[in-house]
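> Below: sequence and its predicted model.
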Amino acid sequence: MTSSTVTSPRPDRPPRPNLAFRRLRGKRSPAEFAAAVRRAAREIGERVSCDARYIGRVEAGEIRCPNYAYERVFLHMFPGRTLTDLGFAPRSSVRGRRARADEEATGAHAVRAPGTASETRRAREPYDTPDTQYPHHPYDPHDTHDDNEESDVLRRAFMMSGATVAAASLGPLALAHDAVAAGRPPRRAGAGHAGALEEAVRRIRLLDDRHGADGLYRRAAAPLRTAYALLDAGATRQATADRLYAGAGELAISVGWLAHDSGRFDDARSHYAEALATSRMTGDPALEAHAFCNMAFLARDAGRPREAVRAAQAAQRAARSLGSARLLSLLALREAGGWAGLADRVGCEQALTRAQALFGQGPSDADPEWMTFYGEAELEGLEAQCWSTLGDWPRAARHARRAAALQGPHFTRNLALYSAELADDLARGGRPDEAAGAGMRVLDLLGEVQSSRIHTMLAGTARVLLPHRRASGVSAFLDRHASLPRTA
């Protein structure tokens, strides 16, 4: 952990505007250009949270070199150009400067927790300091230079220790976490706190997408407690307060999802209810739609299909004013899942038709940031679940197969989930050899993914396949599945 008094060194010189990048933007506004960046990212399967503020920081020279995800997106947008052509500094020069600055800061002030690696390199100045004074702010989600290494470090930090290390791995929220844990109420929250909270949500989502929920849930609860302590402390500005409430609500949903996916339904319901209450207090329809969306999914999984239908319909009412067809498409799928649970085939098919039509309208700038997972693969996967619930195994298997084929490698958890759905549908549809093959692919992914949902699905598939042990590949699958370590 870092001491709350740790400071980062000041930049050697003021940032130099990136005129080359500004020329590339042309006549488009920063918001329009940010939307183009997000579209380009989707085209190559990347996940970036680009907005007008980020474009402004690039053009002001505050971001001297983008992280690897943004680098891939920019080079996709401007083929044949290098980062230098786009006005950025060479990555090696930025890395060297960051390393030297970190050595100075950590050598003078930082205290490293036992068993933690590189936590002190992310120290920063007090939260209320305006970002403009620190153009190389190490917590900016757009200004990290070691994305691939960082995800591994974050995962190890989550897995190897308790809530304190989890808070550290989620960024400057760790300093506020220290104060809360020590019984010291945090001072009034500033923009830095809000930014740290938003980044904590992004990191949790990234780790879940890659590794599943089981190892994350307990550790992610600490930042959530810190977030609500910051709300109690109050904010210096109304705009900051709005960001804090939205961030705390989104964090509650993220932690709720970790509980949901790891089979802790009561905990998930409580977290989703907190998020819904926050949305109602602040009049935030986007947060309300998100909370109801997850509540519908939870109700379906918990065996309350009528509640799932009503929650999905409430989400659609909240989302109508937001202008996102993709969001409405996902919410229609949540409703379809409820109708399937009620064995209402007509209601399910009508909701699926709406979901497909809305999805066909394409993405838009109004799509929420949290919906990066929702593409054609997820559409197919959720439809497969509906047909599976209705007992139409061949149709379910067709959609599950398409979902697995469409899913990019970045979303490891979803790839395992769709493959597990496919294995189960094939097994129940009387195709044990194909089911065993799909099950083997899931087992190959379980070294990277920890999800009670996937383990439960695979166990159900194994039970169905037991009478078919003599079929090709089934015995090998059952033996390998039986050798898995039992989850708690």
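Sure, I can see it. A quick note: this is a predicted structure, and the numbers were derived from the prediction, not measured.
> Show me where the stretch 201-350 of the chain has its helices.
In the stretch 201-350 of the chain, the segments counted as helices under DSSP state H, counting those that start in this stretch are 217-233, 238-261, 265-282, 285-301, 305-319, 325-341, 345-359.
> Can you give me the neighbour number for the residue lying closest to Ile55 once chain neighbours are set aside?
Distances taken as C-beta to C-beta, 6 or more residues apart in numbering put Pro30 closest to Ile55, at 4.2 Å, once the chain neighbours are dropped. Bear in mind the C-beta positions are built from the backbone N, C-alpha and C, glycine included. Residues near Pro30, counting by other C-beta atoms under 10 Å, number 19.
> I'd like to check which residues are in contact with Ser364.
Counting by C-beta atoms under 8 Å, 6 or more residues apart in numbering, Ser364 makes contact with 323-326.
> Out of the residues you listed, which is nearest to Leu358?
Minimum separation from Leu358 among the contacts of Ser364 (C-beta to C-beta) is found for Ala325, which lies at 4.6 Å.
> mind listing what the closest one touches?
By C-beta under 8 Å, 6+ apart, the neighbours of Ala325 are 358-359, 361-362, 364.
> try it again with 7 Å
For Ala325, the residues meeting the contact criterion (C-beta atoms under 7 Å, 6 or more residues apart in numbering) are 358, 361, 364.
> So, low pLDDT: which residues of the stretch 351-488 of the chain?
Within the stretch 351-488 of the chain, the set of residues satisfying pLDDT under 70 comprises 486-488.
> on that earlier part again, mind putting the contacts of Ala325 into TSV with distance to Gly45?
Formatted as TSV, the entries for the contacts of Ala325 read as follows, by distance: C-beta to C-beta, whole Å:
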residue	distance to Gly45
Leu358	22
Gln361	21
Ser364	19
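> picking that back up, quick one: which of the contacts of Ser364 has the most company?
Each of the contacts of Ser364 was scored by neighbour count (other C-beta under 10 Å); the top score is that of Ser324, with 22 neighbours.
> What's the separation between Ser475 and Pro432?
Distance check for Ser475 against Pro432: by C-beta to C-beta, to the nearest Å, it reads 10 Å.
> Reformat the contacts of Ser364 as TSV; add pLDDT.
TSV is the format used below for those (pLDDT from 0 to 100):
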residue	pLDDT
Gly323	94
Ser324	96
Ala325	96
Arg326	96
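> mind listing what Ala239 touches?
The neighbours of Ala239, taking C-beta under 7 Å, 6+ apart as the test, come to nothing; the list is empty.
> State the pLDDT value of the closest residue to Ser321 other than its chain neighbours.
Among residues not flanking Ser321 along the chain, Pro285 sits closest, at 6.0 Å (C-beta to C-beta, 6+ apart). Reading off the per-residue confidence, Pro285 sits at a pLDDT of 95.
> Over to the one 10 residues further on?
The predicted structure scores Met295 at 97 on the pLDDT scale.
> still on that earlier bit, next, the contact list for the residue nearest to Ser321, please.
Neighbouring residues of Pro285 by C-beta under 7 Å, 6+ apart: 318, 321-322.
> most neighbours, which of those?
For the contacts of Pro285, the largest number of neighbours (other C-beta under 10 Å) sits with Ala318, at 23 neighbours.
> correct me, but that one touches Glu288?
Yes. In this structure, Ala318 is within contact of Glu288 by C-beta atoms under 7 Å, at 4.3 Å.
> and Arg480, helix, strand or coil?
Three-state call for Arg480 (DSSP: H, G, I helix; E, B strand; the rest coil): helix.
> can you pull the contacts of it?
Arg480 makes contact with Leu443, according to C-beta under 7 Å, 6+ apart.
> how near is it to Asp344?
Taking C-beta to C-beta as the measure, Arg480 and Asp344 are separated by 38 Å.
> again, but for Ser483
Distance, Ser483 to Asp344, using C-beta to C-beta: 41 Å.
> Pick out whichever of those two has more residues nearby.
Remark: of Ser483 and Asp344, Asp344 carries more neighbours, 17 against 8, as counted by other C-beta under 10 Å.
> Take the contacts of Ser364 and write them to CSV, including distance to Tyr272.
Formatted as CSV, these follow (distance: C-beta to C-beta, whole Å):
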residue, distance to Tyr272
Gly323, 24
Ser324, 20
Ala325, 24
Arg326, 21
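> Just the closest of these to Arg402, please.
Sorting the contacts of Ser364 by how near they are to Arg402, with C-beta to C-beta, puts Arg326 at the top with 18.4 Å.
> Name the nearest residue to that closest one, ignoring sequence neighbours.
Using C-beta to C-beta, 6+ apart, the closest residue to Arg326 is Asp367 (4.9 Å).
> Doesn't the one you found lie inside a helix?
No. Asp367 sits outside any helix when classified using three-state DSSP, being coil.
> just checking, it touches Ser324?
Yes. Counting by C-beta under 7 Å, a contact exists between Asp367 and Ser324, whose distance comes to 4.8 Å.
> Roughly how far does the closest residue to Leu390 other than its chain neighbours sit from Tyr418?
Of all residues not flanking Leu390 in the chain, Ala340 sits nearest, at 5.2 Å (C-beta to C-beta, 6+ apart). Ala340 sits at a distance of 17 Å from Tyr418 (criterion: C-beta to C-beta).
> dump the residue contacts of Thr389.
Thr389 makes contact with 340-341, according to C-beta under 7 Å, 6+ apart.
> Report the separation between it and Gly473.
From Thr389 across to Gly473, the span is 27 Å (C-beta to C-beta).
> Please apply the same query to Ala343.
Using C-beta to C-beta, one obtains 33 Å as the distance from Ala343 to Gly473.
> swap in Val73?
To Gly473, Val73 is 40 Å away according to C-beta to C-beta.
> quick one, which of the two is more surrounded?
Val73 (24 against 16).
> List the contacts of that one.
Contacts were defined as C-beta under 7 Å, 6+ apart; by that measure Val73 touches 37, 40-41, 44, 46, 48.
> Same question for Gly263.
Under the criterion of C-beta under 7 Å, 6+ apart, the neighbours of Gly263 are Ser452.
> Ala336 too?
Taking C-beta under 7 Å, 6+ apart as the definition of contact, the neighbours of Ala336 are 348, 351-352, 355, 386.
> try Ala404
Ala404 sits next to 415, 418-419, 422 when contact means C-beta under 7 Å, 6+ apart.
> Tell me the backbone dihedrals of it, please.
According to degrees, to the nearest 10, the main-chain angles of Ala404 amount to phi -60, psi -40.
> Gly375: neighbour count?
Other residues near Gly375 number 20, with proximity taken as other C-beta under 10 Å.
> quick one, helices of the stretch 1-150 of the chain?
For the stretch 1-150 of the chain, applying DSSP H, counting those that start in this stretch gives helices covering 19-25, 30-43, 52-59, 68-77, 91-109, 147-160.
> And the pLDDT for the residue lying closest to His410 once chain neighbours are set aside?
Leaving out its chain neighbours, the residue that sits closest to His410 by C-beta to C-beta, 6+ apart is Gly45, at 5.8 Å. As predicted, Gly45 sits at a pLDDT of 76.
> Is it correct that Gly45 is in contact with Asn414?
No. Gly45 sits out of contact with Asn414 when judged by C-beta under 7 Å, with a separation of 12.0 Å.
> of the contacts of Ala325, closest to Phe292?
Using C-beta to C-beta, Leu358 is the member of those that lies nearest Phe292, at 16.7 Å.
> residues in contact with the residue nearest to that closest one when sequence neighbours are not counted?
Spatial nearest neighbour of Leu358, excluding adjacent residues (C-beta to C-beta, 6+ apart): Ser329 at 3.7 Å. Under the criterion of C-beta under 7 Å, 6+ apart, the contact list for Ser329 reads 355, 358-359.
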